[in-house]
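1. Sharing a sequence plus its predicted fold:
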Amino acid sequence: MKKSYLVVLVLIGVLLGYIISTSSSYSTYESFATAHSNSGKQFQVVGKLVKDKPMEYKPEVDANRFSFYMTDEQGNERKVNYLGSRPQDFEKSEQIVLTGKMEGEEFTASKILLKCPSKYIANEVDANGFYDAAKSKPTTAPASTTAP
């Protein structure tokens, strides 16, 4: 076998190994229970803010520490410690996606992604939060005016 074929095969093998190793970091959303049973491993957890529990952010003490309570999609509630500043309009979010790991009974998040309500279709959603076209008002194009 030629040396050039061998080099190409090795490069293809390295490329496939790289693709496989990086694709494992793309994960689906998990629950707090899964993160708790795999303590120390990083997960993405999606849920909603528990609005009747306290949020703590004291920038004068530590501007990169924000804590709050969140309920995941299975209904598990945990205290979350975010290693960053409090996101703007945090309490208005419909859904929160955390990236982080469990540390004891608390979830430590290194990243937060907020899904905020749309100001354009707020009146056009059903009771479950899905867009309802029947509630949409037809838009009419503005009357065109022509200069004389």
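-> Perfect, I can see it now. Numbering: from 1, shown residues only.
2. need the contact list for the most centrally placed residue in the chain.
-> Nearest to the mean C-alpha position of the chain, counting by CA atoms, centre = their mean, stands V97 at 2.4 Å. In this structure, V97 makes contact with Y29, Q44, V45, V46, I112, L113, L114, K115, judged by CB atoms under 8 Å, 6 or more residues apart in numbering. For glycine as for every other residue, the C-beta is placed from the backbone atoms N, C-alpha and C.
3. which of those residues are buried?
-> Neighbour-count burial within the contacts of V97 applies to Q44, V45, V46, I112; the criterion is 16 or more other CB atoms under 10 Å.
4. What residues are bridge-paired with the second one?
-> So that's V45. Beta-bridge pairing of V45, defined through DSSP bridges, involves E30, L98.
5. same check, this time on the last one
-> I112 forms beta bridges with L98, as assigned by DSSP bridges.
6. dump the residue contacts of it.
-> Contact criterion CB under 8 Å, 6+ apart gives Y82, G84, P87, I96, V97, L98, T99 as the residues in contact with I112.
7. would you turn those residues into a markdown table with distance to Y69?
-> Below are those laid out as a markdown table (distance: CB to CB, whole Å):
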| residue | distance to Y69 |
| --- | --- |
| Y82 | 12 |
| G84 | 17 |
| P87 | 15 |
| I96 | 11 |
| V97 | 16 |
| L98 | 12 |
| T99 | 18 |
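8. Report the buried members of those residues.
-> Buried residues within the contacts of I112, defined by neighbour count using 16+ other CB under 10 Å: Y82, I96, V97, L98.
9. Can you pick out the most distant pair from these?
-> Within the buried ones among the contacts of I112, two members stand farthest from each other by CB to CB: Y82 and V97, at 12.1 Å.
10. before we move on, the earlier item: in terms of distance to E105, which of the buried ones among the contacts of V97 ranks first?
-> Nearest to E105, judged by CB to CB, of the buried ones among the contacts of V97 is V45 at 14.1 Å.
11. shouldn't the closest one be in contact with A33?
-> No - the pair formed by V45 and A33 falls short of the contact definition of CB atoms under 8 Å, at 9.9 Å.
12. Which parts of the chain are strands?
-> Assigned by DSSP state E, the strands in the chain fall at 29-30, 43-49, 56-57, 66-72, 77-82, 95-103, 106-115.
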